[in-house]
Structures are given as structure tokens and as C-alpha cells.
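Participant: using only what follows, build the 3D model:
(chains A and B)
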2 protein chains.
Amino acid sequence: MSSNTPTRRLNIDNVNPHVRAAKYAVRGELAVRSEEYRAKLSRGDTDLPFKQIIPANIGNPQQLDQKPITFFRQVLSLMENPKLLEHEDILLNHLDYKPDVIDRAKWLLANVGNVGAYSASNGAPAIRQRIAEFLERRDGFPAKQADIYLSGGASSGVNTLLHVICEGPKTGILIPIPQYPLYTASLSVLNATPVPYYLDESKNWGTDLEAIKKACADAKAQGTDVRAIVIINPGNPTGASLSEDDVRSVIEFAREENLVLMADEVYQTNVFVGEFVSFKKVLRTMQKEHPGVYDHLELASLHSVSKGMVGECGHRGGFFELCGFDDKVQAEIYKFVSITLCAPVIAQCLVELMVNPPRPGEPSFELYDKEYNGIYNGFKERAHALWQAFEKMEGVECGEPQGAMYLFPTIKVPLKAVEAAKKEGRSPDEFYCLKMLEATGVCVVPGNGFGQKDGTLHFRTTFLAPGTEWVGTLVKFHEDFMNKYR
Amino acid sequence: MSSNTPTRRLNIDNVNPHVRAAKYAVRGELAVRSEEYRAKLSRGDTDLPFKQIIPANIGNPQQLDQKPITFFRQVLSLMENPKLLEHEDILLNHLDYKPDVIDRAKWLLANVGNVGAYSASNGAPAIRQRIAEFLERRDGFPAKQADIYLSGGASSGVNTLLHVICEGPKTGILIPIPQYPLYTASLSVLNATPVPYYLDESKNWGTDLEAIKKACADAKAQGTDVRAIVIINPGNPTGASLSEDDVRSVIEFAREENLVLMADEVYQTNVFVGEFVSFKKVLRTMQKEHPGVYDHLELASLHSVSKGMVGECGHRGGFFELCGFDDKVQAEIYKFVSITLCAPVIAQCLVELMVNPPRPGEPSFELYDKEYNGIYNGFKERAHALWQAFEKMEGVECGEPQGAMYLFPTIKVPLKAVEAAKKEGRSPDEFYCLKMLEATGVCVVPGNGFGQKDGTLHFRTTFLAPGTEWVGTLVKFHEDFMNKYR
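Facilitator: A predicted model of the protein is given here:
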């Protein structure tokens, strides 16, 4: 093409092919379509068969009816406007601020400073110190602030880690399937190789060590340099919560294959069945039990303010802790995060509040505890209500809710539906989810957005939306769908 | 290496070589060293020859004594804790909140929603609409919210744009030298090719069209697919502010070579000499003057809450506007930003406040105007005080301050200093800046962190620090340095 041809320089065929290849279904076609419907509804259009959009496609609790935790937001309001601290009497006596709210804001202002200034690239030292103390309490093992990196949500932390770990197209990263598509999308952008391992649906989506071993061996046989394994625990989209034995066996496997462990633990407090056990705790325990054997293992574990009972997605706060990383590799990570300067400082403060919430006996504890438990119980109830609805639906199977914010049922649809989907150039699960959106206003994500075994179909739905009416519309839609295509 | 060798998996030789190759001097060795000194000072150590660190290495005004603008922070405090709106009388009568603060918070809550929820990937529609209206007022030409993308500071916007624009190692991007190192660092991570063009120091660091043409032609002759030109206006690190004629000639050049224009305009309000003219305004004017000739040109222009009189670096807010981009390319940009979900929502609100501040006659206007002008005049005074100090220093040359937050003087050091630097394995400018830090506690960035013509030496300093004492210590240091190495 001559340099003077008056056409645009960029087109779909010459932009970055690795970006083009990336897929991110959570905010894909269905989400865009649901926004169009929402706009129609808000214009007053009445020709849709539903009155509201239920955005069950994304774990975004405060988009629905979840209220922020009062203590957190009160402190943040003082961080944004420290001049309010000149009126302590009014705050305390007329605006429902408790003394520990004021104390915390003063501590943050003294130790972090003005939220309008860049912090250190890896986050404010005082906040990293508080995170280290939280990790020590959680795991019973030491943690160092120098190993902690604040990030703009866990997504940005994953992006950083994969950027440094991946050497090139030959680098393989073991990724659970189904998975949160951030992983495959980031690897696509990086032009590295995802090495999928299937979770075991028959065991409530637990890890299947044989499947992991086979995936790794097959990839190595094809010349892939497999160098890390991602574990999402509790699982997204599956909700599965791993037992300590499962975690041990993954660590043992990482030792055998000399793999970096990447533990995405953002749902660590969203556990309904069993108990969350961190990779850090199990790794340190194994290191203690067998001196020298596991000492060289590298673990990066991620956490976030977006999930749990905090649910502060919009603030974009998170962090990761590194265990066992080489200093020079850490220096590269530090440099990488420096390029975009630092995580939002107000979100860093929110991370501090999350890891160091009011304790029993402190003035804000009672309300905090009530709000926290209210959110937790609400999740559990909604999850069970949705699960019970799935139990009633023909050809739908779903394990008991275990954790995270999602259910990931299997669906079996009639052959006629498969054919109708094919005619539209869609996979059967996409077709099913689209019909669901068109009929009910409920937006979920087709299983193929997360990966699923060939021949199986699923969808992911959050259980965040309030009320049970929308659950009823799903049951009705499913019955109609099955009858139509039977 | 056998898979069972008990050594770490990652080391400096096998991590991503493109990350390894990236350089980011603004937060490099000197910044790290200055933090060590700061820690020493705060421990009460008295063996350093200075009592405080002056972080003149980074444009971070609120780290120094700049106060946030009251209107902005009052609104944000209400966004963080909307329950305060239940007490309007107290806010108005006892806490210095004006009615327009309350109205704005209510508008944002109604139109953007809870700041704890993810927004649309490209930013809240209501905020993009306000940005479009601001751009229309600024430029006198239409703007559309669909072409606007909120980002986590302008850095994240640059990262997005370069990710989509760069097809591979052959992609060349014209970058001014000296430049803000975000550009070369991002291109390094992406494994694309920076094509440096030198700014003309003799013309106060303006663009030199012949230099741009030559850089482009040379790169093309070597097989580089030059597809975009970055312009930083006002300049970083140079402070230069381009005239409309300069902007026109760059656009004309972009037409001739069919290049995407990337205009980094984050310092658009930091102008002391002349007037800021946006690329958008000039492009639209040229399109109107010559129908059809410039219509195919693509422009991405960036803005931020971190600079200007806002100075809210820690919030990580910014946006870019696209003009003339293909819809499918925009869809790739949308998908790319979706992978990390959205920019911090509280920072998006701050962008709205920046582009739509109180207007004359509104209750908060008087204070806003006073604060805004106070910051502007403070910048100007400090810039001039520093410039006058440079005028006194032997072998230091610096143009009159024009804009941005920086001065970028040339220094000439004696041969003995060059040799002493070489002995330490440093460039002479690094050596000079390190000695300055050791003697005065003032941290600046050596010119080689931004790029400079061979044989020339510079450093970049902000003019944000209050007082004149530190300026005096620079004069003294320089004299001692020259005497020592003469």
C-alpha cells in the first residue's frame, strides 16, 4: 500500500494479532446485548418480555443490591476529605462515625499520606506491612512486606506475574478448565501457551491430579516449556473449594515438575462448605515437615477487595505475595509495576481495611460483624435457592454450592436446539444463554467462555441478584426452551 | 536441567526478555537510593549532609505540599460514603460543603452509581458523556462518548493503545527524544520498535520536522513498519509547548506517511508561555479546510487527573479519545480494556469533576478558582526560581520555563568527572545526579533516562517542591562538584 493512500492506518487485519486472538466472554456479546436491552428499558420501551436486566454474568455485587460495609466507606470518606477530621465532634455525635473510624483514618493519613500522591510502585510500605501481619495471622507463618505488591485488583496482579514469567511462545502455563478467562486472555495477549487441565466435575470440580499430570506431560512432549500452574481456589467459575490434601498434591506435583505456583485466592472468604486453606500455609507446612525438599518452590498468591464480603470491585484494589522468588526476578516485577506507577492509593487503603477490619470490642465491630454476616448469609441463601431451582430443571445438573459467587451447572439440550444453534453459527450453550437473555433479561455466561470438556454444555451464573422472582423466570424459560426444541 | 533439580524455576536469565530489556529511570536506582536515605532520616540518623529528601524525580505534587482542590475531594467523600447525604444540613452548615457539592454527588450517584461496582469496561457512560461535552467546549468540534475510554491514569491508556497498535517487532512507533520513558518501556515489553526523533533543544525543545522525517525514512529503509507517531505536548521532560503551526506540520506529516497520531496531552493546563492547542482541534480544523484530505487520519489523545492543577496522581484516573478509528479496531480496544475490567470508578468520578469544575456564579466557584490559580501561580514562581538558579550555575543551560512540571537543563561537566563516572560504570549524568542526591538529598533523573543526543548531558527536575532552600543547595552542590572535578 502506498504511503499516501487515504485509508485508515489500522484495521482488523493489521492490529496486534495476539490481542485479536484473546477472548473475554464475561464482557462479551451477551453482556453488550444486555446493555442494549437495559438502555431500551430505561427509555421506557415496553416490547421486551421482561422489566429488568439481571446481570448474573459478572461477580459485581454492588451493582446489584449489596451495600458497602460502613466502616470501610467511612474511613475512605475521611481519606478523600481529611478536612472532615477537623470536626470530630460532629462526626462522632451526628454522623454515626465511631472513634475507631477516625483513628484508622488518622493512622492511614500519617502512615500512607495523601491519597492524591503516587505511592511506592509496589504499594505504600505501611499497607504492605499490615498485609504481612494479616498473612501471618491467617497462615501462622512469617510474611514480609518486601514480598507484597499492591495491584489494581487481582487482574492487574495476574497481568504483572504472567508478563514476567512468560519468556515467549514456548512458555506454557497450566490453567484449569473451566477457568476465569482472564488467564487465557492474558496468555493470548502475551503470545504464551495455555496448557489446559480439566477439573473433575464428578468430584464437585476438584483438581484431578492425573489430568494435571497428563496435560503437563503432553505439553512437554510437544516441546512446551511448562513453567507454572494456576490454581483458582475457591474456583471460578466452579465455586469449588480445595481440601488441604488437594493443595498438598498440587504442591507435590509442582515440586516434581519444578513449576511456579500461582494461587488465585480472591474468593478465600466465600466458602460455604469446608474451610479455605491457603497455598502459602500448606507450602510452609510442607517445607517445615521436609526440610530442604520444597524450599526452592516459588509461590505467588493473589487476593482482592473485589470479592469476599467486601465486594468493592469498582475500587480496583488487590495484592499478591511472593514466596521463594529470586531477588533479581522480584526486581523485574518491581520495574514492571513501576511503568504504570502504582495501584490506586484509595484502593490500597481499602486493602488495609479488608485485612485489618474492626475487632471484637472495638466501637465499629458490632455493625461490621452484622453487615459482614448478613452478606455472607445472603450469598449462601441465594446460592441454595438457585441450586434448588436447577434441581427442578430437566437436564440440568449442579453440585451443592461450595464457594465463590457462582454456580456452573451442566445443561443437556435437545438435538433440535443444537441444530438451531448451528444454523445461527453459535455453540449450543451460547444459543441457550442468548435465548435465556431474550426471554428473561437474565444475563449469564456460556460455558465455552470458561472452557468445558467437548460434548458438555454449561453456563455460569452469579447468585448475587436479590429476590427469587428471577430464579422463577429461569425455571419457566428452561421448560419453554425444552418444549420448543424437544 | 532435570525437572527435579531443586533450584528456583525463574531466574534473571529466563524471565521475559522484553520485560528485562525495559528501562524506567523515573523510579530507578536513584529513586530507590533516595528512599533508603529517607528511611535513614526517619530513623533519626544524623550522618547525612541533609535533613530531608526532595523527590524532584517525579511529577507527584501532592507528595510535596500541594493540597487537593476542595471541591473535588468533598464530592469524592460523598461518593465514598453516600450516607452523609442524609445529613445535608450538617454538611452545609457545619462542614463547609456547598450546595453544588451535594448536587454533584447526587448526580454522580444517580448516573454512575455506587463506586464499589465495576463500571462498563470503557468507563461509565454518563462520565464519558461529560468528557465529550468538555472536549466540545475545548475544541469547538463534536465529540462522542462512544469514542472515549476511561483509563487508570494516562499510563494505562498508553499501554492499551500501544498493545492494539503494535503488530509485532517490525512495528515502529515514532517517539520524541527526550521522552517520558513510559513509551520506550511499553514498546520494549511489547517487543515493538521505538523510532526516536530528536526534539530541537535550540528551539526550546520544539518539534523539528526534518528530524522526524529523517527518523521515519531511516526506519522504513531498515524495513520497519512505522505506523504511529507519539507527540507529548506540552512536553515531558522538556516542558515545551507546541504552537498551532507545529501541530499542523506534524498532522501534515502523519498524512504523508499515513501514521496514527498519539497525542499525550496530560499537561494541557500546565502552560506558562503561549497557549495549549489540542491535536483534535487542529485536525478537525484541517479536515474542515480541506475536505477529504485528512479524513482518514486516526488520532488518539490522552488526558489525566494526575497533572494540571488537579495533581491527583494517586487516584489513577485518565481517559483517551479516539478520532477516526475503525469500528472493528475500537472493538479490539474495548475487549482489551475488558480483560482488566475497568478503571477505578472513584477516579472516573474525579475525571468528571476535572472536566466539569464549578463555574462562575456557582457556590463552590470562588474557592475552586482561588485554589486553582494558587497552584498555577505557585508552579510558575517555582519554575522561575529554579530557572534563575540554573542561570547562575557554570556550564548549565536551560530555556525559560514553558509548561508541564519540569525543567530539563543541559549540563557540561569537566573531563575529570566523566572519567570518575566511567570508573564507577556510570554515565556522566547519572554520576552527577547521584552526587547531587548524596550531597543535597535532592533526587532528580539523569537525562539518559529520557534519551538525549550523544555527547550531551541533562537532568530532569520537577519544580514542585516548596521553598527556595533546596534550590540554594543545588547551586552550592554544583559549585563544589565543578571545583572538585575541574
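Participant: can you pull the buried residues of the helix or strand bottoming out on mean pLDDT in chain A?
Facilitator: Among the helical and strand segments of chain A, the one scoring lowest on mean pLDDT, DSSP states H and E is helix A:29-42, with a mean of 87. Within helix A:29-42, the residues scored as buried using 16 or more other Cβ atoms under 10 Å in any protein chain shown are A:L30, A:A31, A:S34, A:E35, A:Y37, A:L41. (Each C-beta comes from the backbone N, C-alpha and C, glycine too.)
Participant: averaged pLDDT, the longest helix out of those in chain A. What do you get?
Facilitator: For chain A, the helix that runs over the most residues, judged by DSSP state H, is helix A:365-392. In this model, helix A:365-392 carries a mean pLDDT of 94.
Participant: who does it touch, helix- and strand-wise?
Facilitator: Packing contacts for helix A:365-392, counted by 3 or more Cβ pairs under 8 Å, 6 or more residues apart in numbering or on different chains; DSSP states H and E, involve helix A:70-80, strand A:406-407, helix A:469-485.
Participant: what residues are up against A:K23?
Facilitator: A:K23 is in contact with A:P181, A:T184, A:A185, A:S188, A:G449, counting by Cβ atoms under 8 Å, 6 or more residues apart in numbering or on different chains.
Participant: in those residues, find the pair that's most separated.
Facilitator: When the contacts of A:K23 are compared pair by pair using Cβ to Cβ, the two farthest from each other are A:S188 and A:G449, 13.7 Å apart.
Participant: how about the secondary structure of A:Y149?
Facilitator: Assigned with DSSP: H, G, I helix; E, B strand; the rest coil, A:Y149 falls in the strand class.
Participant: so what's it up against?
Facilitator: With contacts defined as Cβ under 8 Å, 6+ apart, the neighbours of A:Y149 are A:N122, A:G123, A:G157, A:T160, A:F319, A:F320, A:E321, A:L322, A:I333, A:Y334, A:V337.
Participant: helix or strand: which one has the fourth one?
Facilitator: Element membership of A:T160, judged by DSSP states H and E, is helix A:153-165.
Participant: what's the mean pLDDT across that helix?
Facilitator: Looking at helix A:153-165 alone, the average pLDDT works out to 96.
Participant: report whether it contacts chain B.
Facilitator: Yes - judged by Cβ under 8 Å from any Cβ of the partner chain, helix A:153-165 comes into contact with chain B at A:G153, A:S155, A:S156, A:N159, A:H163, A:V164, A:I165.
Participant: that helix packs against which elements?
Facilitator: Under the contact criterion of 3+ Cβ pairs under 8 Å, 6+ apart, helix A:153-165 touches strand A:148-151, strand A:171-177, helix A:182-190, strand A:260-264, strand A:299-304, strand A:318-323, helix A:327-339.
Participant: ok, now with 6 Å
Facilitator: Applying 3 or more Cβ pairs under 6 Å, 6 or more residues apart in numbering or on different chains; DSSP states H and E, one finds that helix A:153-165 contacts helix A:182-190, strand A:299-304, strand A:318-323, helix A:327-339.
Participant: make TSV from these and add mean neighbour count to it.
Facilitator: Output for those, formatted as TSV (neighbours: other Cβ atoms under 10 Å in any protein chain shown):
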stretch	mean neighbour count
helix A:182-190	23
strand A:299-304	27
strand A:318-323	25
helix A:327-339	19
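Participant: turn these into CSV, including distance to B:V226 and mean pLDDT.
Facilitator: Conversion of the helices and strands packed on helix A:153-165 to CSV gives the following (distance: least, Cβ to Cβ, whole Å; pLDDT from 0 to 100):
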stretch, distance to B:V226, mean pLDDT
helix A:182-190, 23, 94
strand A:299-304, 38, 98
strand A:318-323, 37, 98
helix A:327-339, 23, 94
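Participant: nearest to A:N373, out of these?
Facilitator: Relative to A:N373, the nearest member of those by Cβ to Cβ is strand A:299-304, separated by 20.4 Å.
Participant: what sits opposite the nearest residue in space to A:A465 that is not next to it in sequence in the beta ladder?
Facilitator: Spatially, and ignoring its direct neighbours in sequence, A:A465 is nearest to A:I54 (4.8 Å; Cβ to Cβ, 6 or more residues apart in numbering or on different chains). Note on A:I54: beta-bridge partners A:V442, judged by DSSP bridges.
Participant: show me the contacts for A:I54.
Facilitator: Under the criterion of Cβ atoms under 6 Å, 6 or more residues apart in numbering or on different chains, the contact partners of A:I54 comprise A:G441, A:V442, A:A465, A:W470.
Participant: among these, which one lies nearest to B:V101?
Facilitator: B:V101 has its nearest neighbour among the contacts of A:I54 in A:A465, at 33.1 Å by Cβ to Cβ.
Participant: low-confidence ranges, the stretch 201-350 of chain A, go.
Facilitator: Across the stretch 201-350 of chain A, no stretch falls below the confidence threshold (pLDDT under 70).
Participant: got the domain boundaries for chain A?
Facilitator: In the assignment given by the TED database, the structural domains of chain A cover A:17-64+A:371-485, A:70-116, A:118-355.
Participant: make CSV out of those domains and add distance to B:K435.
Facilitator: As requested, those are exported to CSV (distance: least, Cβ to Cβ, whole Å):
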stretch, distance to B:K435
domain A:17-64+A:371-485, 44
domain A:70-116, 28
domain A:118-355, 24
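Participant: looking at those, spot the one closest to B:E312.
Facilitator: In terms of Cβ to Cβ, the element of the domains of chain A nearest to B:E312 is domain A:70-116, at 4.6 Å.
Participant: quick one: the closest one near chain B?
Facilitator: Yes - part of domain A:70-116 sits near chain B under the criterion Cβ under 6 Å from any Cβ of the partner chain, namely A:73-74, A:76-77, A:80-81, A:87, A:90, A:94-95, A:114-116.
Participant: can you get me the start-to-end distance on stretch A:334-351?
Facilitator: Counting by Cα to Cα, to the nearest Å, the length from the leading to the trailing residue of stretch A:334-351 is 19 Å.
Participant: and if you look at stretch A:24-32?
Facilitator: Looking at stretch A:24-32, the gap from its leading to its trailing residue is 12 Å under the measure Cα to Cα.
Participant: rebuild the helices and strands packed on helix A:365-392 as TSV, extending it with mean neighbour count and mean pLDDT.
Facilitator: TSV is the format used below for these (neighbours: other Cβ atoms under 10 Å in any protein chain shown; pLDDT from 0 to 100):
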stretch	mean neighbour count	mean pLDDT
helix A:70-80	26	98
strand A:406-407	27	91
helix A:469-485	17	93
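Participant: the spatially closest residue to A:G317 that is not a sequence neighbour: helix or strand, and which one exactly?
Facilitator: Spatial nearest neighbour of A:G317, excluding adjacent residues (Cβ to Cβ, 6+ apart): A:A347 at 3.2 Å. Using DSSP H and E, A:A347 maps to helix A:345-355.
Participant: got it, and A:A228?
Facilitator: Using DSSP H and E, the element containing A:A228 is strand A:225-232.
Participant: quick check: neighbours of that strand in the sheet, parallel or antiparallel?
Facilitator: With DSSP bridges as the criterion, the sheet partners recorded for strand A:225-232 are strand A:171-177 (parallel), strand A:260-264 (parallel).
Participant: could those go into a markdown table alongside mean neighbour count?
Facilitator: Below are the strands paired with strand A:225-232 laid out as a markdown table (neighbours: other Cβ under 10 Å):
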| stretch | mean neighbour count |
| --- | --- |
| strand A:171-177 | 25 |
| strand A:260-264 | 26 |
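Participant: dump these to TSV, plus distance to B:I375.
Facilitator: As requested, the strands paired with strand A:225-232 are exported to TSV (distance: least, Cβ to Cβ, whole Å):
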stretch	distance to B:I375
strand A:171-177	47
strand A:260-264	42
